[in-house]
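J.: Take this sequence and fold it.
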Amino acid sequence: MAVNIEEIKRLRELTGVGMTDAKKALDEAAGDFDKALAAMRKKGLTKAEKRGEREARAGVIGSYLHDGRIGVLVEVNCETDFVARNEIFTNLVKDLAMHIAASNPQYVSENDIPAADRDAVKAEFTEKAKAEGKPADMLDKIVEGMLKKHFAERCLMDQPFIKNPDQTVGDYVKEHNAKLGENIVVRRFSRMALGEVA
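T.: All right, here's what the predicted structure looks like:
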């Protein structure tokens, strides 16, 4: 089956790969665009994970204001000023700021959770599991599962992305790593809501 040039261009735009790679992926998927896209994303995400070790100190601080009632500042870093000024990158930063406004995460990722917060929640869940009469030999596994779910809802990178709940924010950022060919790091954010007491 001949591969449509428009499909090749579309695949290239969505994944950031070259025309030859896009054509090859479509050929291997027998013209099935979704299958080719999944294969290219997988390949791109693998490359993006390797890029994660590179220094990212350029970037921008983006903002989002919702009805004058919720405000967000987010720092997103990349490796070069060239990428920091790229429209794809600036749109990513806007999307992240909007997501933070809507989903109100507390931490960027699991690595940013203070030990004291984790310990306090763990103690609370352990007491709850004991009170519910959960088997003692399963207690650790049950509490660990509860902790994982609790913090996944509060860590930006683990939250389902508001524009596409089928992927996490972390996967959305990795997709941009692949598209732009640079390490991208969400460094920090601050969210304020009108009338909220800190």
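J.: use CA for all of it now, contacts and neighbours both
T.: OK.
J.: taking the mean pLDDT, what do you get for the helix or strand hosting residue 36?
T.: Assessed by DSSP states H and E, residue 36 sits inside helix 33-51. Average pLDDT, helix 33-51: 65.
J.: Which helix or strand lies directly C-terminal to that helix?
T.: Next helix or strand after helix 33-51 toward the C-terminus (DSSP H and E): strand 58-66.
J.: what pairs with that following strand, and is each one parallel or antiparallel?
T.: The strands beside strand 58-66 in its sheet (DSSP bridges) come out as strand 70-78 (antiparallel).
J.: Need the residues that contact the partner strand.
T.: Residues from elsewhere that reach strand 70-78, judged by CA atoms under 8 Å, 6 or more residues apart in numbering: 56-65, 84, 93, 96-98, 100-101, 182-194.
J.: Give the buried subset of the residues you listed as a ChimeraX selection command.
T.: A single ChimeraX command selects the buried members of the contacts of strand 70-78 (16 or more other CA atoms under 10 Å):
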select :56,57,58,59,60,61,62,63,64,65,84,93,96,97,98,100,101,182,183,184,185,186,189,190,191,192,193
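J.: Would you mind giving the domain segments of the chain?
T.: Following automatic domain parsing, one gets these domains for the chain: 5-51, 58-108+155-193, 114-152.
J.: Name the residue most distant from the centre of this protein?
T.: Each residue of the chain has a distance to the centre, and by CA atoms, centre = their mean the biggest one is for residue 133: 36.6 Å.
J.: mind checking the SS state of that one?
T.: Recorded secondary structure, residue 133: coil (DSSP: H, G, I helix; E, B strand; the rest coil).
J.: same thing with residue 189?
T.: strand.
J.: Chain neighbours aside, what residue packs nearest to it?
T.: Excluding the flanking residues, the one nearest residue 189 by CA to CA, 6 or more residues apart in numbering is residue 74, at 4.2 Å.
J.: what's around that neighbour, how many residues?
T.: If you count neighbours by other CA atoms under 10 Å, residue 74 ends up with 22.
J.: Just read off the phi/psi values of the residue farthest from the centre of the chain.
T.: phi 70, psi 30 (degrees, to the nearest 10).
J.: Please tell me how far it sits from residue 113.
T.: The spacing between residue 133 and residue 113, counted by CA to CA, to the nearest Å, is 29 Å.
J.: Mean pLDDT per element in the chain, and the minimum belongs to which helix or strand?
T.: Lowest on mean pLDDT, DSSP states H and E among the helices and strands of the chain sits helix 33-51, with a mean of 65.
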